[in-house]
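A.B. asks: how would this look folded up:
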Amino acid sequence: MPSVKVSDLFKESEGWYRYYADFYNNKLFGDLPDDFGRDEGLDLDYLHHIHLAMTAKLVARWKIKRRQFDRTTDPKDPANDYWLVYAYDDLRDEYLLLTILGPNAHSRPEWGAFLRTVAHDIVEPWIQGRVVYTDPDE
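C.D. replies: Sure thing, here's the model as predicted:
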């Protein structure tokens with residue numbers, strides 16, 4: 001059965017536990033929160049992101065869209081461009097919540113180096129089994 005772990009970096013995000021609970025219910029039971037959008041991989045090994053609706057207006061627009069893939073933030077609206085970034089280890093069937101990124105989450109110049117650092121400092125040691133993170137409810 002899949003499990004969801006939480007990095008120390010993720011715990012610095014405002015409202016992290018709610019995002020954890022929503023992510024857990026989404027991945028394990030298929031429940032799609034109104035503020036979760038498209039979920040896809042990044043071009044860094046093991047890293048993925050979910051678009052997040054951070055305003056009531058965007059949540060209302062996404063709520064009527066049944067397909068999660070159709071729920072995206074517009075890179076031309078950087079003030080509302082947020083992602084939940086996570087890693088996935090398919091061998092252990094584990095997710096690791098990493099951070100909430102934004103505004104302007106699509107900006108490579110702004111966030112590229114940060115994501116590479118997260119991949120190197122947090123994800124690689126976790127994938128290699130050198131660092132263990134826990135489920136906050138354990």
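
A.B. asks: checking residue 72 next. Helix, strand or coil?
C.D. replies: What DSSP: H, G, I helix; E, B strand; the rest coil gives for residue 72 is coil.

A.B. asks: verify the contact between it and residue 49 for me.
C.D. replies: No: here residue 72 does not reach residue 49: they are 11.1 Å apart, not a contact under Cβ atoms under 8 Å. Yep, even glycine has a C-beta here, placed from its N, CA and C like the rest.

A.B. asks: those two: which is more packed in?
C.D. replies: Taking other Cβ atoms under 10 Å, residue 72 and residue 49 do not tie; residue 49 has more neighbours (22 against 15).

A.B. asks: let me know the secondary structure of that one.
C.D. replies: Residue 49 is classified as strand under three-state DSSP.

A.B. asks: in the protein, which spans are strands?
C.D. replies: Taking DSSP state E, the strands of the chain run over residues 3-6, 36-41, 47-52, 82-89, 94-101.

A.B. asks: tell me who's in contact with residue 91.
C.D. replies: Listed by Cβ atoms under 8 Å, 6 or more residues apart in numbering, residue 91 has no contact partners.

A.B. asks: measure it to residue 61 for me?
C.D. replies: Separation of residue 91 from residue 61 (Cβ to Cβ, to the nearest Å): 37 Å.
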